[in-house]
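>>> sharing a model that was predicted from the sequence below.
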Amino acid sequence: NAGVTQTPKFQVLKTGQSMTLQCAQDMNHEYMSWYRQDPGMGLRLIHYSVGAGITDQGEVPNGYNVSRSTTEDFPLRLLSAAPSQTSVYFCASRRTGATEAFFGQGTRLTVV
Amino acid sequence: GENVEQHPSTLSVQEGDSAVIKCTYSDSASNYFPWYKQELGKRPQLIIDIRSNVGEKKDQRIAVTLNKTAKHFSLHITETQPEDSAVYFCAASNTGTASKLTFGTGTRLQVTL
């Protein structure tokens, strides 16, 4: 059982480049979320989805886009990377009616 | 929106002592309060949670208490061991939107021998 899988684990981007962080879960969870983790600031919600075709903004959505075409996948897109987006990104999923969120292993992104 | 404050930011205890981490929340609609443990370089993992209809919950050496009136909740770890060393995060949400967890800023717990 793979759980929540994120790719890549590490990435270095130049300012202005674009990329997609991948997140996939095999638990048939309806809810999926993206968080960023910065030192001293905990985990902050970027975007979330309550099911295929439905997404919404979290606390810090600027500079990021998401889509949810399938239950399994929830990619996070950076259209024009900025140094302020240097962070560790975590994807999480949860089953409807449950409360525990399961996290992926994280993607460490550096924008230079 | 919800705001969660967590204290202390760092905590050092000797092995065998107890550790207490405290959090406060702002939204009275929040009714679910999980605690996550994150070891260095790893993903956050749920260690215990509590719903607002319960005042205390225990799981072996770990307990969580909730005071709804004061809007604060605490994590208690007894008989600490070196493997308890990690960063601990509290969080709060409304179970209707539990994908929207609001996290505290974390507490780095160091258990020394």
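The structure has been received and is ready for your questions.

>>> can you give me phi and psi for the residue positioned nearest the centre of chain A?
The residue lying closest to the centre of chain A (CA atoms, centre = their mean) is A:W34, at 3.2 Å. The phi and psi values for A:W34, taken as degrees, to the nearest 10, are phi -120, psi 130.

>>> report the distance from stretch A:13-29 to the chain centre.
Counting by CA atoms, centre = their mean, to the nearest Å, stretch A:13-29 is centred 6 Å from the centre of its parent chain.

>>> quick one: is it near chain B?
No - judged by CB under 8 Å from any CB of the partner chain, stretch A:13-29 stays clear of chain B, getting no closer than 9.4 Å. C-beta coordinates here come from the backbone N, C-alpha and C atoms, glycine included.

>>> now do that stretch, average pLDDT.
Averaging pLDDT along stretch A:13-29 gives 96.

>>> got it, and stretch B:19-32?
95.

>>> could you dump that stretch to PDB, C-alpha only?
Coordinates of each C-alpha in stretch B:19-32 appear next as PDB, following Å, rounded to 0.1, in the frame of the first residue of the first chain:
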ATOM      1  CA  ALA B  19       6.700  17.300  28.500                       C
ATOM      2  CA  VAL B  20       3.800  19.600  28.000                       C
ATOM      3  CA  ILE B  21       3.000  21.600  24.800                       C
ATOM      4  CA  LYS B  22       0.100  24.000  24.700                       C
ATOM      5  CA  CYS B  23      -2.000  25.400  21.900                       C
ATOM      6  CA  THR B  24      -4.800  28.000  21.700                       C
ATOM      7  CA  TYR B  25      -7.300  28.400  18.900                       C
ATOM      8  CA  SER B  26      -9.500  31.200  17.900                       C
ATOM      9  CA  ASP B  27     -12.500  29.800  16.000                       C
ATOM     10  CA  SER B  28     -15.200  28.400  18.300                       C
ATOM     11  CA  ALA B  29     -16.500  26.300  15.400                       C
ATOM     12  CA  SER B  30     -13.400  24.200  15.400                       C
ATOM     13  CA  ASN B  31     -14.200  20.800  16.800                       C
ATOM     14  CA  TYR B  32     -11.300  18.500  15.900                       C
END
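
>>> burial of residue 77, as a residue count?
Picked chain A for this. Neighbours of A:R77 under the rule other CB atoms under 10 Å in any protein chain shown: 14.

>>> let me rephrase: I mean chain B.
By other CB under 10 Å, neighbour count at B:I77 equals 25.

>>> would you mind measuring from it to A:A24?
34 Å (CB to CB, to the nearest Å).

>>> what's the burial count for residue 112?
If you meant another chain, say so; for now it's chain A. That count, for A:V112 with other CB under 10 Å as the rule, works out to 10.

>>> chain B, not that one
B:T112 - counted by other CB under 10 Å - has 11 other residues nearby.

>>> could you measure the closest residue to it other than its chain neighbours against B:A86, distance?
In space, and not counting its chain neighbours, B:T112 is closest to B:Q14: 5.6 Å by CB to CB, 6 or more residues apart in numbering or on different chains. From B:Q14 over to B:A86 the distance is 16 Å, taken as CB to CB.

>>> mind checking which of those two has more residues around it?
When B:Q14 and B:A86 are compared on other CB under 10 Å, the one with more neighbours turns out to be B:A86, at 21 against 9.

>>> what pairs with the more buried one across the strands?
Beta bridges link B:A86 to B:L109, judged by DSSP bridges.

>>> follow-up on the earlier one: give the contact list for the residue nearest to B:T112.
Applying CB atoms under 8 Å, 6 or more residues apart in numbering or on different chains, one finds that B:Q14 lies in contact with B:80, B:111-113.
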